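1. Structure for the following, please:
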Amino acid sequence: MKRNLLISACLLGIPCRYDGKRVTKVDVSALRKKYNLIPICPEIYGGLPTPRIPSERVGGRVLMKDGRDVTENYKRGAEASLDIAKANGVSLALLKARSPSCGKGLIYDGSFSGTLTEGDGVAAELLMKEEITVFTEEELDLLL
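-> Okay, here's the model as predicted:
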């Protein structure tokens, strides 16, 4: 029986990223053979549109490039993603690297300059706190 795997919807080619573009560099065909894929997009679940102004995490806050604070949207989206994980008995997640929602280990630093800093996205942080093991697409081989 296949295990359930929470996966960032953008990694499945769903155009829900901030820029409305599709992620095309991830081949999930091998994942589909091993897991039941359960797509999530915490930013959409938090009420943000696609496309949207880019956001980056600055400490405990998430700010759009124009300065608007969207922390509550990110928190709502993270909670909704956790609810989906719990409802589906998920213990593993594959999330989009460097995202203010889904990034693990490294995220953009809030300067909107492409600079990375240590940290996790809001949803990734919550999922890991709830003992869900999070991987990024850069660690795809670990899931296979």
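
2. May I ask which helix or strand encompasses the residue nearest the centre of the chain?
-> With distances taken as CA atoms, centre = their mean, residue 102 lies nearest the centre of the chain, 2.5 Å away. Using DSSP states H and E, residue 102 maps to neither a helix nor a strand.

3. so what's it up against?
-> Residue 102 makes contacts with 8, 42, 95, 96, 121, 123, 124, 136, as judged by CB atoms under 8 Å, 6 or more residues apart in numbering. C-beta here means a position set from N, CA and C on the backbone, and glycine is covered the same way.

4. The second one: neighbouring residues, count only.
-> In terms of burial, residue 42 registers 33 neighbours under the definition other CB atoms under 10 Å.

5. mind checking how far it is from residue 100?
-> 9 Å (CB to CB, to the nearest Å).

6. what's the overlap in contacts for these two?
-> Counting by CB under 8 Å, 6+ apart, the common neighbours of residue 42 and residue 100 are 74, 121, 122.

7. Same question for the lengthiest helix in the chain: list its buried residues.
-> Once the chain is assigned using DSSP state H, the helix that runs over the most residues is helix 71-87. For helix 71-87, the buried set under the neighbour-count rule, 16 or more other CB atoms under 10 Å, comprises 71, 73-82, 84-85.

8. got the CA coordinates for the following helix or strand past that helix in CSV?
-> Reading on from helix 71-87 to the C-terminus, the next helix or strand found by DSSP H and E is strand 92-95. Presented in CSV, the C-alpha positions along strand 92-95 are these (Å, rounded to 0.1, in the frame of the first residue of the first chain):
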residue,chain,number,x,y,z
LEU,A,92,6.1,13.0,4.9
ALA,A,93,6.0,16.2,2.8
LEU,A,94,7.8,17.4,-0.3
LEU,A,95,7.8,21.2,-0.4
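
9. Output the contacting helices and strands for the following helix or strand past strand 92-95.
-> Beyond strand 92-95 in the direction of the C-terminus, DSSP H and E gives the next helix or strand as strand 106-108. Packed against strand 106-108 by the contact rule (3 or more CB pairs under 8 Å, 6 or more residues apart in numbering; DSSP states H and E) you find strand 55-58, strand 116-118.
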